[in-house]
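Colleague: No sequence on hand, only this structure:
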């Protein structure tokens, strides 16, 4: 689903049925867009962790995997494909963030928006 840009949003063992051709996922009313929902990553991790915890009862080695994080990183990089072989391994990016540059970019965008707004208001006054 994530390859299509979608996240189930309420995935649990109760929403996965076993069919003759493999697992079948059901119950989609709360599906969200992975790119259009600020909570998408959190929802994906919760979905994957729900299944991992359940399956980990029978296969404890799954409890030491990070499939959700691995999938999200590949999705963000545009590298997640339906045939991508996942390893369950994930190393978080620990590089520092340049917050000053982010603040400057936000302030520059605000100033630019204010200037455009003032220009529109001045043009409307000239029309009156």
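Modeller: Ah, there it is. Predicted, not measured: the structure shown is a model, and the values here were computed from it. Numbering: from 1, shown residues only.
Colleague: what about the helices in this protein?
Modeller: 40-55, 67-76, 99-127 (DSSP state H).
Colleague: can you redo those helices as CSV with distance to residue 18 and mean neighbour count?
Modeller: Using the backbone N, CA and C atoms, a C-beta is placed for each residue, glycine as well. Output for the helices of the chain, formatted as CSV (distance: least, Cβ to Cβ, whole Å; neighbours: other Cβ atoms under 10 Å):
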stretch, distance to residue 18, mean neighbour count
helix 40-55, 12, 18
helix 67-76, 19, 19
helix 99-127, 47, 9
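Colleague: Residue 91 is nearest to which of these?
Modeller: Comparing the helices of the chain against residue 91 with Cβ to Cβ, the closest turns out to be helix 67-76 (9.2 Å).
Colleague: Show me what the closest one packs onto, helices and strands only.
Modeller: Using 3 or more Cβ pairs under 8 Å, 6 or more residues apart in numbering; DSSP states H and E, the elements in contact with helix 67-76 are helix 40-55.
Colleague: Please state the offset of the helix it packs on from the chain centre?
Modeller: For helix 40-55, the separation from the chain centroid amounts to 12 Å (computed by Cα atoms, centre = their mean, to the nearest Å).
Colleague: Specify the angle between that helix and helix 67-76 in degrees.
Modeller: For helix 40-55 against helix 67-76, the angle by axes from the mean of the first three to the mean of the last three Cα atoms, to 10 degrees is 150 degrees.
Colleague: now the residue nearest to the spatial centre of the chain: how far from residue 34?
Modeller: In the chain, the centroid-proximal residue (Cα atoms, centre = their mean) is residue 41; its distance is 3.3 Å. Counting by Cβ to Cβ, to the nearest Å, the separation of residue 41 from residue 34 is 8 Å.
Colleague: Repeat that for residue 127.
Modeller: Residue 127 sits 44 Å away from residue 34, going by Cβ to Cβ.
Colleague: now residue 88
Modeller: Applying Cβ to Cβ, the value for residue 88 to residue 34 is 20 Å.
Colleague: One more: residue 101?
Modeller: Residue 101 is 26 Å from residue 34, by Cβ to Cβ.
Colleague: Much appreciated, bye for now.
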